[in-house]
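**Student:** I'd like to go over a predicted model; first the sequence, then the structure.
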Amino acid sequence: SNVASRQVLVLPGDGIGPEIVAQAERVLARVNDKFALGINIEKGLVGGAAIDAHGSPLPEITLEKAKACDAVLLGAVGGPKWDSVDMSIRPEKGLLGLRSNLNLFGNLRPAILYPQLADASSLKPELVAGLDLLIVRELTGGIYFGQPRGIRELENGEREGFNTYKYSESEVRRIGRQAFEAAQKRGGKLCSVDKANVLEATVLWREVMDELAKDYPDVELTHMYVDNAAMQLVRAPKQFDVMVTGNMFGDILSDCAAMLTGSIGMLPSASLDENGKGMYEPIHGSAPDIAGQGIANPLATILSVAMMLRYSFDEADAAQAIEDAVGVTLDQGFRTADIQSEGMNLVSTEQMGDAVLAALA
Ligand code: NAI
Ligand code: MG
């Protein structure tokens, strides 16, 4: 690929968004130099910031830039300032608009617990120390989008709410390929989560995954029912490497997995299309309660940059360097307030950025 043409669109957004993105940009600039990645950065407005400037959470200019670039780095959107406005111009619409316009059907959410933070988890340290799993969630199909849907009146006058759970073979195949490829880049194990004992749609899901497995002989595929998967996630989460599942199951399981790590300020995410283009963002929101104080944890956003390098640019070494630098920073005892514990070195957002940069050097 033409390395010189790599384009990243940075969308800081609202609340703590600009504060944490500023640190992630410093890290990106540093690895860009160090590994000669040839990445150019452009800025744009999304969410409340875009409503204030253009009257829309996803202005045409931002959407054009997002379509033209290779990857998007996003902070977070939303906040009380825009809570009362019309639903159609809520900041969150900016995010949803980006996902649907860029066809980002694959949501990758790692749940990584750095051993230094093992006591932050809701589980016993020995169950989660070193936890590193990845949930691949289908994001644009399944029961959240299936038609028909609605609330209808029955002949007996009673109302009935209904939704449709369906996945076509091509929808399963494309999310399946992303998951198998992610497993190849990690530990080589993939667990497909379904409810094939009850739902026909997931019987087909399981069949397609089995077919795909023939193309990935280096990945070990297993299947698990979603209720068991929920149980296993809190019983013995370290058994998993990559999990792949549909939209609704993935929504629930990924939040559950995130909480095993106990620290919302540490978790990155990626949303990918078919060609490796992606949007990368921390899983947390704009944290209006701490915005403007310079105390937010920038590590989730910094780790989102690492995911960008790995999944959109195939730069595993540069990605690993960032992840290692975060590990070193934690080893050295640097902690923002959200992950602070006794005897550790409490630092600001910017000081945490400084520490990661120092560890990269
Ligand atoms: P939130 O994730 O913004 O905050 C929840 C709690 O975690 C708060 O106490 C916050 O201070 C803390 N927190 C979050 N990120 C942190 C960080 N990096 N460092 C330290 N502490 C951190 O969720 P909340 O409060 O439900 O939503 C606030 C706003 O964010 C709302 O407007 C919501 O719609 C929006 N939101 C945006 C998302 C996005 O842009 N992807 C996702 C979730 C919420
Ligand atoms: Mg959720």
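**Tutor:** Happy to help now that I have it. Ligands and ions are numbered 1, 2, ... in the order given.
**Student:** List phi and psi for the closest residue to M308 other than its chain neighbours.
**Tutor:** Using CB to CB, 6 or more residues apart in numbering and skipping residues adjacent in sequence, the residue nearest M308 is Y280, 4.4 Å away. Quick note: C-beta positions are derived from backbone N, CA and C, even for glycine. Main-chain torsions, Y280, degrees, to the nearest 10: phi -120, psi 130.
**Student:** go on, the one 3 residues further on?
**Tutor:** For I283, the backbone dihedrals (degrees, to the nearest 10) come out as phi -80, psi -20.
**Student:** Touching, it and L299? I think so.
**Tutor:** No - I283 is not in contact with L299 according to CB atoms under 8 Å; the separation is 11.9 Å.
**Student:** The closest residue to S348 other than its chain neighbours in helix, strand or coil?
**Tutor:** Among residues not flanking S348 along the chain, G294 sits closest, at 4.9 Å (CB to CB, 6+ apart). Three-state call for G294 (DSSP: H, G, I helix; E, B strand; the rest coil): coil.
**Student:** Model confidence score at A4, please.
**Tutor:** pLDDT recorded at A4 is 58.
**Student:** which other residues reach whichever helix or strand C191 is part of?
**Tutor:** When elements are assigned from DSSP states H and E, C191 belongs to strand 189-194. With CB atoms under 8 Å, 6 or more residues apart in numbering as the test, strand 189-194 has contacts from 176, 179-180, 183, 202-203, 205-206, 209, 219-226, 229, 240-246, 249, 253.
**Student:** Of those, keep whichever come out buried.
**Tutor:** 176, 179-180, 183, 202, 205-206, 209, 219, 221, 223-226, 229, 240-246, 249, 253 (16 or more other CB atoms under 10 Å).
**Student:** in the helix or strand of the chain with the lowest mean pLDDT, what counts as buried?
**Tutor:** In the chain, no helix or strand scores lower on mean pLDDT, DSSP states H and E than helix 125-128, which sits at a mean of 90. By neighbour count on 16+ other CB under 10 Å, the buried set for helix 125-128 is L127, V128.
**Student:** can you check stretch 159-179 too?
**Tutor:** For stretch 159-179, the neighbour count (16+ other CB under 10 Å) marks Y165, K166, Y167, E171, V172, R174, I175, G176, Q178, A179 as buried.
**Student:** Restricted to helices, list these.
**Tutor:** Of the buried residues of stretch 159-179, the ones assigned to helices by DSSP state H are E171, V172, R174, I175, G176, Q178, A179.
**Student:** The stretch 201-350 of the chain: strands as residue ranges?
**Tutor:** Here the stretch 201-350 of the chain has its strands, by DSSP state E, counting those that start in this stretch, at 220-225, 242-245, 268-272, 278-282, 334-335, 345-346.
**Student:** Could you take those strands and lay them out as CSV, with extra columns for distance to G75 and mean pLDDT?
**Tutor:** Formatted as CSV, the strands of the stretch 201-350 of the chain follow (distance: least, CB to CB, whole Å; pLDDT from 0 to 100):
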stretch, distance to G75, mean pLDDT
strand 220-225, 34, 98
strand 242-245, 26, 98
strand 268-272, 12, 97
strand 278-282, 7, 97
strand 334-335, 21, 96
strand 345-346, 23, 96
